[in-house]
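Asker: Model the structure of this input:
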Amino acid sequence: MPVGFYRKQENSTLAFTIIQGGMGVGVSGWPLARAVSQLGQLGVVSGTGLAVMLSRRLGRGDPGGHIRRALAKFPVPAMAQRILDRYYVAGGKGSDEAFTPVTMPRIELPLPFLELTVVANFVEVWLAKEGHDGVVGINYLEKMQIPTLPQLLGSMLAGVDYILMGAGIPRSIPGILDAFAAGKAAEMRFDVEDARPDDHFTCRLDPTQVLGMTPNLARPKFLAIVASVVLAMTLARKSNGRVDGFVVEGPTAGGHNAPPRGPLKLSELGEPVYGQRDDVDLAAMRELGLPFWLAGGFAEPGRLKEALAAGAQGIQVGTVFAFCAESSVTEELKRQVLGLSRSGTAVVFTDPQASPTGFPFKVSRLEGTLSEPQTYEQRTRTCDIGGLRRLYRREDGTVGYRCPAEPVEQYVAKGGNEADTLGRKCLCNALFANIGLGQPLEDGQHELALVTAGDDVVRLSRLLKDGRETYTARDVVEYLLGG
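Answerer: Predicted coordinates:
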């Protein structure tokens, strides 16, 4: 059955035991998710930054024609054509030519940003599902609230099977999925710093108004990514709709980690210290009666068996997929990471300051990236993507936008505390550089990468069999299911 606008489907019966983690920006793009899905597991595309990523890939000339193939299936041809007209460059921009800027997220959802976001999410999911009957999910961050409504609409238009979301408390997501599946408008309330009790900052999106027709959409299953039983219980009991399961993520996972419970303490190396209070009570998880997968340090065959024995449905694995052949990380970065793993010198640092979100963030220490203090200090601060900007209430009651990684004087002028800017890194630009889509700069350089990986990175070399320099998603799945 072709994947399309009116596809009505039955969701998975939870036959999969492995969830391939959704790693952004674009690391777990459609080629990786598609490969994992075809192997009978849950392939997951990252929903982070898809609007900008689509615009930049079109600016590079859409090698292979994949984006244009998906755009031809978008249900509103005029909208797809507007995206092509605005961003597509036949033959691609030169390596030193700046990408066409994308409107930064605002709660008013400017029309160009709205359309690009809907289309981009459709394209990524459509490509991941093309040509097979496996299940595909998409991962979003609760911390990035502004694009959530158009993101969900776009992925549902492509028939996404699972929505996964963490980095916050996504209680409103199940109700939004219900509304869109019923062809109704949905509303989302935003978290705004310094907001007063009587303030209500919201965004409303009506699929019929956006598309010019009422779509017939299947309701995907919703998996919340949590780090505690308390949060899982809150979501199961107080969400505005059905939660279908959980991914229980520990602090050894890559990307953002939940902060330790209680006062923040740092080790001698400067990393957050996690203790027994951060261990998840699996017996209590079982009592919730919903399927769950364990994540963080489970990329070993024995650990999958351990998770199943503990009552989990299976495991979520990210890092071992992040550096396989199908991931979108640049070949140079893969080569560096795999080389360090092979030599036993790979280092991962849980940085309590790097992320503008305030959450601890796993950083791989690699030469020529922002993980080097001197390299970080030499970068000129800028904020031209704005994905992690925080919303705050101005004195006049309107909403402002600020990011601790933007130029310090700008952040302070917006009422921010200068101390919050120390060590903050522009993840937006760095993560695009990880996949070869870093913005060219005026001096002929490009924005530099900042690679994130979980503690499993030290064991990646186990997948390099028979002297090979690379490994595939199939190698990962067979490794995890074997032994």
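Asker: only C-alpha atoms for contact and neighbour calcs from this point on.
Answerer: OK.
Asker: helices or strands up against the lengthiest helix in the chain?
Answerer: Ranked by residue count and defined by DSSP state H, the top helix of the chain is helix 111-129. Other elements packing on helix 111-129 under the criterion 3 or more Cα pairs under 8 Å, 6 or more residues apart in numbering; DSSP states H and E are helix 30-38, strand 43-46, helix 50-59, helix 66-71, helix 77-87, strand 136-141, helix 148-157.
Asker: I'd like the ones you listed as TSV, with mean neighbour count appended.
Answerer: What follows is those, written out as TSV (neighbours: other Cα atoms under 10 Å):
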stretch	mean neighbour count
helix 30-38	26
strand 43-46	30
helix 50-59	23
helix 66-71	18
helix 77-87	15
strand 136-141	26
helix 148-157	26
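Asker: and these as JSON lines, adding mean pLDDT and distance to residue 321?
Answerer: Listed next are the helices and strands packed on helix 111-129 as JSON lines, based on pLDDT from 0 to 100; distance: least, Cα to Cα, whole Å:
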{"stretch": "helix 30-38", "mean pLDDT": "98", "distance to residue 321": "8"}
{"stretch": "strand 43-46", "mean pLDDT": "98", "distance to residue 321": "10"}
{"stretch": "helix 50-59", "mean pLDDT": "98", "distance to residue 321": "19"}
{"stretch": "helix 66-71", "mean pLDDT": "98", "distance to residue 321": "22"}
{"stretch": "helix 77-87", "mean pLDDT": "98", "distance to residue 321": "30"}
{"stretch": "strand 136-141", "mean pLDDT": "96", "distance to residue 321": "15"}
{"stretch": "helix 148-157", "mean pLDDT": "98", "distance to residue 321": "22"}
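Asker: Format the ones you listed as CSV; extra columns: distance to residue 458.
Answerer: CSV is the format used below for the helices and strands packed on helix 111-129 (distance: least, Cα to Cα, whole Å):
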stretch, distance to residue 458
helix 30-38, 21
strand 43-46, 23
helix 50-59, 29
helix 66-71, 34
helix 77-87, 39
strand 136-141, 25
helix 148-157, 34
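Asker: Which among the ones you listed is found nearest to residue 128?
Answerer: With Cα to Cα as the criterion, residue 128 lies closest to helix 30-38 of the helices and strands packed on helix 111-129, at 4.4 Å.
Asker: What strand or helix carries residue 203?
Answerer: In this structure, residue 203 sits in strand 202-205 according to DSSP states H and E.
Asker: Tell me the strands beside that strand, with direction?
Answerer: As defined by DSSP bridges, the strand partners of strand 202-205 come to strand 186-189 (antiparallel).
Asker: Next, the buried residues of the strand holding residue 203.
Answerer: Residues 203, 205 are the ones in strand 202-205 that count as buried (16 or more other Cα atoms under 10 Å).
Asker: Please apply the same query to stretch 373-390.
Answerer: 376, 383, 385, 386, 387, 388, 389, 390.
Asker: what's the closest of those residues to residue 442?
Answerer: residue 383 (15.2 Å).
Asker: any idea which helix or strand carries the closest one?
Answerer: Remark: residue 383 resides in no helix or strand, with elements defined by DSSP H and E.
Asker: do residue 223 as well
Answerer: Using DSSP H and E, residue 223 falls within strand 221-226.
Asker: Pull out the buried residues from the next helix or strand after that strand.
Answerer: The helix or strand immediately downstream of strand 221-226 is helix 229-238, counting by DSSP H and E. Across helix 229-238, burial judged by 16+ other Cα under 10 Å covers 229, 232, 235, 236.
Asker: sorry, back to before: send the alpha carbons of the longest helix of the chain over as CSV?
Answerer: C-alpha atoms of helix 111-129 as CSV (Å, rounded to 0.1, in the frame of the first residue of the first chain):
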residue,chain,number,x,y,z
LEU,A,111,3.0,31.4,7.4
PRO,A,112,6.4,30.6,5.8
PHE,A,113,7.6,28.9,9.0
LEU,A,114,4.3,27.1,9.4
GLU,A,115,4.2,25.7,5.9
LEU,A,116,7.9,24.8,5.8
THR,A,117,7.5,22.9,9.1
VAL,A,118,4.4,20.9,8.0
VAL,A,119,6.1,20.0,4.7
ALA,A,120,9.4,19.1,6.2
ASN,A,121,7.9,16.7,8.7
PHE,A,122,5.8,15.1,6.0
VAL,A,123,8.8,14.6,3.8
GLU,A,124,11.0,13.0,6.5
VAL,A,125,8.4,10.5,7.6
TRP,A,126,7.2,9.8,4.0
LEU,A,127,10.7,8.9,2.9
ALA,A,128,11.3,6.7,6.0
LYS,A,129,8.1,4.8,5.2
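Asker: Please identify the buried residues of that helix?
Answerer: For helix 111-129, burial by neighbour count (16+ other Cα under 10 Å) applies to 113-129.
Asker: and of the helices and strands packed on helix 111-129, who's closest to residue 24?
Answerer: Residue 24 lies closest to strand 43-46 among these, at 5.2 Å (Cα to Cα).
Asker: Do a quick rundown of the strands in the stretch 251-400 of the chain.
Answerer: Taking DSSP state E, counting those that start in this stretch as the test, the strands found in the stretch 251-400 of the chain are 292-295, 314-317, 348-351, 361-364, 390-393, 399-402.
Asker: could I get the ones you listed as CSV with mean pLDDT?
Answerer: Converted to CSV, those look like this (pLDDT from 0 to 100):
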stretch, mean pLDDT
strand 292-295, 95
strand 314-317, 96
strand 348-351, 90
strand 361-364, 90
strand 390-393, 96
strand 399-402, 96
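Asker: can you put the ones you listed in TSV and add distance to residue 88?
Answerer: Formatted as TSV, the strands of the stretch 251-400 of the chain follow (distance: least, Cα to Cα, whole Å):
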stretch	distance to residue 88
strand 292-295	38
strand 314-317	34
strand 348-351	37
strand 361-364	33
strand 390-393	30
strand 399-402	29
